[in-house]
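Visitor: Kindly return the folded structure for what I paste below:
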Amino acid sequence: MAITVTQRWRDGLPRWRPVADGGFDPDRYVVDELTEDRARAWTLRHHYSSTWPVVRLRTGLFDTRTPTGEPQLVGVLAMGVPMSNRVLTGVFPALTPHYESIEISRLCLADSVPSNGESWFCARSFDLAAERGVRGLVAFSDPVERWRGSELIKPGHCGIVYQALNFAYLGRSTPRTLTLLPDATVLTARAQAKVTGRETGAAGVIARLVGLGATPPEPDADPRHWLRVALREIGCHRVRHPGNHRYALRIGRTRGERTRTAIGMAPRRYPKPDRPLPLPPIP
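Guide: Next comes the predicted model:
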């Protein structure tokens, strides 16, 4: 099934660029590394997830043709540390996780970037990662839709951008059950454990749930009981997830560096979208 639109973001909401429009001019853009603060702030403003992962390398896409003449940040790619080392070692068994192998954690482009901009941005970002000693990238695409009320925030993805960049497709990750919040984000099992175990970071998770309408906990409240009640109050629901699409790419400064890296899983045929996206373009 042909892809007719490509996804962009603005202020936490999706926007759509018709692929047929094209129009991406690489001479207009540059790619450079970003500080943690700048990458986090821009991504939290625009991406629907409203979260920021543990990141090792952050790159930005800059538009150099602006009214002021100052380059404007219009995209962020974050590469970093997954929740489990097995995410990396299962794919690249001979590479040191977090240093020679990392995960693509966020890819977010502003709606001013024409279609085809993501693959160009990613390719230049991967060159920067290779210069820092990275030899293997793992990426996941979520096939499950996310809704915020009646609004489709994120359609199911099968990883078209990774296919365009010649990633190997390695099947799906482990199926699991997700706790979905009313803002279309996921409350991970790790976040829930911080609350129930009164761990560092629990206050941030509690503030997130209170912001969605949960009653603040009393000082002596049982955290397990409070969490159950809070999730019921805000109307969260549990969804069985079939597993994300898993992709891997060997990178390096030379062909030799790339070919010496072994992928520890057998490649499979690329998945394709199962239905069109009946979505309006950017207004």
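Visitor: Give me the secondary structure label for Arg15.
Guide: Using DSSP: H, G, I helix; E, B strand; the rest coil, the three-state assignment for Arg15 comes out as strand.
Visitor: could you check the distance from it over to Ser112?
Guide: Plainly put, Arg15 is 9 Å away from Ser112 if you go by C-beta to C-beta, to the nearest Å. Any C-beta I mention is one placed from the backbone N, CA and C, and that applies to glycine too.
Visitor: overlap in contacts of these two?
Guide: Arg8 (C-beta atoms under 8 Å, 6 or more residues apart in numbering).
Visitor: more neighbours, the two?
Guide: Residue environment comparison for Arg15 versus Ser112 gives the larger neighbour count to Arg15, 21 against 16, counting by other C-beta atoms under 10 Å.
Visitor: what's the closest residue to that one other than its chain neighbours in contact with, if anything?
Guide: Nearest in space to Arg15, with sequence neighbours left out and distances taken as C-beta to C-beta, 6 or more residues apart in numbering, is Asp111 at 3.9 Å. When contacts are counted by C-beta under 8 Å, 6+ apart, Asp111 touches 8-10, 15, 17, 282.
Visitor: Filter the residues you listed down to the buried ones and hand me the ChimeraX line.
Guide: Filtering these down to the buried ones (16 or more other C-beta atoms under 10 Å) takes a single ChimeraX command:
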select :8,9,15,17
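Visitor: Which one of the contacts of Asp111 is nearest to Ala221?
Guide: Using C-beta to C-beta, Trp9 comes nearest to Ala221 of these, at 36.7 Å.
Visitor: Verify the stated contact: the closest one with Ser49.
Guide: No. Taking C-beta atoms under 8 Å as the definition, Trp9 is not a contact partner of Ser49, at 10.2 Å.
Visitor: before we move on, which element is the most centrally placed residue in the chain in?
Guide: Compute the mean C-alpha point of the chain, and by C-alpha atoms, centre = their mean the closest residue is Arg106, 3.2 Å away. Under the criterion DSSP states H and E, the helix or strand holding Arg106 is strand 101-109.
Visitor: for that strand, packing partners?
Guide: strand 5-10, helix 36-46, strand 55-63, strand 72-80, helix 86-89, helix 117-131, strand 136-141 (3 or more C-beta pairs under 8 Å, 6 or more residues apart in numbering; DSSP states H and E).
Visitor: Please enumerate residues in contact with the fifth one?
Guide: Just to be clear, that refers to helix 86-89. Outside of helix 86-89, the residues that reach it under the criterion C-beta under 8 Å, 6+ apart are 82, 95, 97-98, 101-103, 136, 138.
Visitor: switch the cut-off to 7 Å
Guide: Applying C-beta atoms under 7 Å, 6 or more residues apart in numbering, the external contacts of helix 86-89 come out as 82, 97, 101, 103, 138.
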